[in-house]
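Student: dropping a prediction and its sequence here:
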Amino acid sequence: MASLRARSRVRGRRQYRTGDLLDALQRRIPAEAYCLIGVTQADLYPGPSWNFVFGEARFFERVGVYSFARYDPAFYDEPRAADTATTILRRGCKLMAHEIGHMFAIDHCIHNHCVMNGSNSLEETDRSPPHPCPLVPAQAARDRRLRRRGA
Ligand SMILES: [Zn+2]
Ligand SMILES: [Zn+2]
């Protein structure tokens, strides 16, 4: 990937630009795939004016890229606990469920404790459950009907 831009940001760690990764995924997505998601332990940034981003998607192009780097306390030079691997996996599974929900045109849920709740911090991510609330399938069905009508 010759066109993959990177920079050194936090304590010399390499950081990769999401747009270049999304371009690369877009060139590789099989026609029959619903979406193609890239997951990395490297840190990501979307553009020069941003410090970092947990991930980015192009919903209509059906590609997304996400980083688990900042889910690991070692990223912040903090000690790992005995259950750190479980914590990283739990956070990653929630992120993937949430973002793939967006790929299926599901918006943020404001009605219940739900994996589709918006999150602005790791604390909020840790508080959210790993599953959707009962309203999510109904919302997804409604959104698919609206899409078919071209709304
Ligand atoms: Zn979201
Ligand atoms: Zn919900």
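Tutor: That came through fine. Ligands and ions are numbered 1, 2, ... in the order given.
Student: would Phe60 count as being in a strand?
Tutor: No - using DSSP: H, G, I helix; E, B strand; the rest coil, the secondary structure at Phe60 is coil, not a strand.
Student: residues near it, how many?
Tutor: 6 (other Cβ atoms under 10 Å). Yep, even glycine has a C-beta here, placed from its N, CA and C like the rest.
Student: and it, what are its phi and psi?
Tutor: The phi and psi torsions at Phe60 (degrees, to the nearest 10) take the values phi -70, psi -30.
Student: for the remainder of this discussion, apply numbering that starts at 3.
Tutor: Okay, residue one is now 3; in that scheme the one you just asked about reads as Phe62.
Student: distance between stretch 43-52 and the chain's centre?
Tutor: Between the centre of stretch 43-52 and the centre of its host chain there is 13 Å, according to Cα atoms, centre = their mean, to the nearest Å.
Student: pull out the buried residues from it.
Tutor: Using 16 or more other Cβ atoms under 10 Å as the test for burial, stretch 43-52 gives Asp45, Leu46, Tyr47.
Student: show me where this structure has helices.
Tutor: Secondary structure of the chain (DSSP state H): helices at 20-30, 86-105, 124-129, 137-150.
Student: turn those into CSV, columns for mean pLDDT and mean neighbour count.
Tutor: As requested, the helices of the chain are arranged in CSV below (pLDDT from 0 to 100; neighbours: other Cβ atoms under 10 Å):
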stretch, mean pLDDT, mean neighbour count
helix 20-30, 96, 17
helix 86-105, 91, 16
helix 124-129, 87, 12
helix 137-150, 74, 13
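Student: closest one to Pro75 among those?
Tutor: Between Pro75 and these, the tightest spacing by Cβ to Cβ is seen for helix 86-105, at 6.4 Å.
Student: what comes into contact with the closest one?
Tutor: 36-37, 39, 41, 56-57, 59, 61, 64, 66, 68, 70, 73-76, 83, 117-118, 121, 124, 127-128, 130, 132-134, 138, 142 (Cβ atoms under 8 Å, 6 or more residues apart in numbering).
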